[in-house]
Every structure is written in structure tokens, then in C-alpha cells.
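J.: Could you work out the structure for the sequence below:
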Amino acid sequence: MTTTAVTESGAARALDAALALDGVGRTYGRGAPALDGVSLTVARGRFVAVMGPSGSGKSTLLRCAAGLERPTAGTVRIGGTDLATLKAAGLTRLRRDRIGFVFQSLNLVSALDVRENVTLPLLLAGAREGRELDARALAGLAAVGLADRAGDRPENLSGGQRQRVAIARALVNEPEVVFADEPTAALDPVTAAGVLALLRRAVDERGTTVVLVTHDPVAAAWTDEAVFLDRGRLAGRLDRPDESGVREMLGVREMAGAHLQGAHFPGGHATPAAHATPAAHATPAAHAGHSFRRTAVAR
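T.: From the prediction side, this is the model:
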């Protein structure tokens, strides 16, 4: 493994990327910045994990990147669109039409059945009820293995099934970027692997860009790249991460460095290779045969 410096520059690259952050900062009140000069470019069709201990800025980065919060410094671009140029209504349209969200809390509407939950973003975007809309919803549910549960209410599904509905809903409008915030944190290892396999398949088969916020090295092993935050700054990255490499980067073995203490790492997970995954994607164990690049960021 070699250590090199990270540089995230080039206007052309940023404009062509699915997501580009340039010098992004976010401060609340007079406290220390939650984000401090973060620059990051995510190419189209990539699956990227954002990692770090609690308080490192992961969720703040997601909110700023997705247009849920405005940064106090720097710029955020989605597909070349500078979010700072959009007013509130424009941001709402961008989130509705070009971004998909998958949250740990799911945010399914209990009063709607599964099909109606999936079609909700399309209806909000102005689509009309009808056969075409139903067909899109059923196709999305079939892709996550739940076409036969289209008429059920969310409370009649398991946690893993509800998360699969959330993924179908996030993908139904073919977004440029899907932001997933700890989507497997409340799931058992086998169910979590199924959810991660669906996100992996969306990247491989649809060319979707997925940004995954997670504490879990097992989840990160499904991605193309893991980036690490520490006290609001980009602290390093791994290309084609595997579980052991992520744990080493986080300092799990020795817990070296007080700034990483207090991180939570779910235990007892089997490696993703132990579970069935779509044929279109080799299991994360395939990463193990490749050396990974450790990249440190000079401060």
C-alpha cells in the first residue's frame, strides 16, 4: 500500500461528475465546524462510502451534498448544477427529480400501500395515475423482489422488505445520485447484505451513482471507494475497499489515535461474500484479490 496526497481539482471534472464538493464548510453557531474545507468529486456510476466516527461530519456532508442544508462555505454541484444558484423551490425540484434518498428510518407512508409509496415521487413530480405509472412501480418492485407485495401496507412487511421498498422508491425516477444514510444499521447481517446487493446492482446495471454513509466496514466492502472524515475534514480514502482494509484505516485493530476513539463498529457480521449477490456483480470478496490504495490527506 502506498500513501499519496489527495487532490480534487479541475473544473471540467467537477462539471462532468455526478457530485462535486469544493471547499465545503458547515458551521453551526460559534462551535467548531462540522465540515471544514471538504473537496470531493464522485464520478458518475460510482458507489462511494463515506465513513468516520460519530461527530466526524458524515451526516452533515450528506445533507449539504443533497441540498438539504446550505453550506456556510464552498460549492456543491449535482451533475454540474451549482446548488447555491438555486432558490428554495429550485432545490426542492432538484431533490425531487434528480436525487433519491434511502434513510435508516425508511420514511415510508403508513397510510399508503407499497405500490403507492413507490409511485409517490412520480406523482409529486406531476405524473398522472394510470397503467403506465403502475407499470413503473411494479417494475421497480420486481427489481427488489417485492412485486407480489405491491398491495400490502408497510407495517405488514419485515424491516428488510421495507428497506427494499425504500430503495425501489429511491430509484423509480432514475435519479442521478442516490444518498443512503446508514440504510443497514437496523438490519441483521443477512438482510443487510441483500439491501447492499440491491444498491450495488443499481450501480452496475443502471449506472446510478450511490453515496453511502455508514459506520460499517462490511457495508463499505460493497463499494468502489471509501472516503474517511475526521473532525470535519477529508482524512483519507481507499479504492476498492475490503473489510480488513477499512478496519485498518479506521484504526480498529489498535484503536490508535484519540480522534478515532468512540467509533461504533457493528460486530458479528459475516462478510458479504457469504451471502448471495446478483450475478451482475462479483461479491465484495473479489476486492480482496486487488491491492487497495491508501490515500492520506495532508492538512
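
J.: The residue lying closest to residue 161 once chain neighbours are set aside: neighbour count?
T.: Residue nearest to residue 161 in three dimensions, not counting chain neighbours: residue 146, with 6.3 Å by CB to CB, 6 or more residues apart in numbering. Where you see a C-beta, it was placed from the backbone N, CA and C, and this is true even at glycine. Neighbours of residue 146 under the rule other CB atoms under 10 Å: 22.

J.: Does residue 146 touch residue 163 like I think?
T.: No: applying CB atoms under 8 Å as the test, residue 146 and residue 163 come out as separate, 10.6 Å apart.

J.: Show me what counts as buried in stretch 39-59.
T.: Buried residues in stretch 39-59, defined by neighbour count with 16 or more other CB atoms under 10 Å: 39-42, 46-53, 55-59.

J.: Same question for stretch 238-256.
T.: Here stretch 238-256 shows 238-243, 245-250, 252 as buried, counting by 16+ other CB under 10 Å.

J.: Which ones among those map onto strands?
T.: Residues of these located in strands (DSSP state E): 238-239.

J.: how many neighbours does residue 105 have?
T.: Residue 105 has 11 neighbours, counted by other CB under 10 Å.

J.: Format the CA atom coordinates belonging to stretch 39-53 as PDB.
T.: Extracted as PDB, the C-alpha positions of stretch 39-53 are listed here (Å, rounded to 0.1, in the frame of the first residue of the first chain):
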ATOM      1  CA  SER A  39     -13.400  18.800  -1.500                       C
ATOM      2  CA  LEU A  40     -14.600  15.600  -3.100                       C
ATOM      3  CA  THR A  41     -15.600  14.500  -6.600                       C
ATOM      4  CA  VAL A  42     -17.800  11.500  -7.300                       C
ATOM      5  CA  ALA A  43     -17.800  10.300 -10.800                       C
ATOM      6  CA  ARG A  44     -21.000   9.100 -12.500                       C
ATOM      7  CA  GLY A  45     -21.800   5.400 -11.900                       C
ATOM      8  CA  ARG A  46     -19.700   5.000  -8.700                       C
ATOM      9  CA  PHE A  47     -20.600   3.500  -5.400                       C
ATOM     10  CA  VAL A  48     -18.800   5.500  -2.600                       C
ATOM     11  CA  ALA A  49     -18.900   5.000   1.100                       C
ATOM     12  CA  VAL A  50     -18.500   8.000   3.500                       C
ATOM     13  CA  MET A  51     -17.000   6.800   6.800                       C
ATOM     14  CA  GLY A  52     -15.700   8.100  10.100                       C
ATOM     15  CA  PRO A  53     -16.600   8.100  13.800                       C
END
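
J.: which helices and strands does the longest helix belonging to the chain pack with?
T.: When the chain is parsed with DSSP state H, its longest helix is helix 189-206. Packed against helix 189-206 by the contact rule (3 or more CB pairs under 8 Å, 6 or more residues apart in numbering; DSSP states H and E) you find strand 47-51, helix 159-171, strand 177-181, strand 209-213, helix 217-220.

J.: quick check: angle from it to strand 47-51?
T.: Going by axes from the mean of the first three to the mean of the last three CA atoms, to 10 degrees, helix 189-206 is angled at 140 degrees with respect to strand 47-51.

J.: ok and helix 189-206 relative to strand 177-181, angle-wise?
T.: Angle, helix 189-206 to strand 177-181, by the same axes, to 10 degrees: 170 degrees.

J.: Now helix 189-206: average pLDDT?
T.: Per-residue pLDDT over helix 189-206 has a mean of 92.

J.: Buried residues in that helix, which are they?
T.: Across helix 189-206, burial judged by 16+ other CB under 10 Å covers 189, 191-203.

J.: Also stretch 99-111?
T.: Under 16+ other CB under 10 Å, the buried positions of stretch 99-111 are 99-104, 106, 108.

J.: circling back: inside helices: which ones of the buried residues of stretch 238-256?
T.: Filtering those for helices - DSSP H - leaves 243, 245-250.

J.: before we move on, back to that, of the buried residues of helix 189-206, closest to residue 221?
T.: residue 196 (8.8 Å; CB to CB).

J.: Look up the closest residue to the closest one, ignoring the ones flanking it.
T.: Leaving out its chain neighbours, the residue that sits closest to residue 196 by CB to CB, 6+ apart is residue 222, at 4.5 Å.
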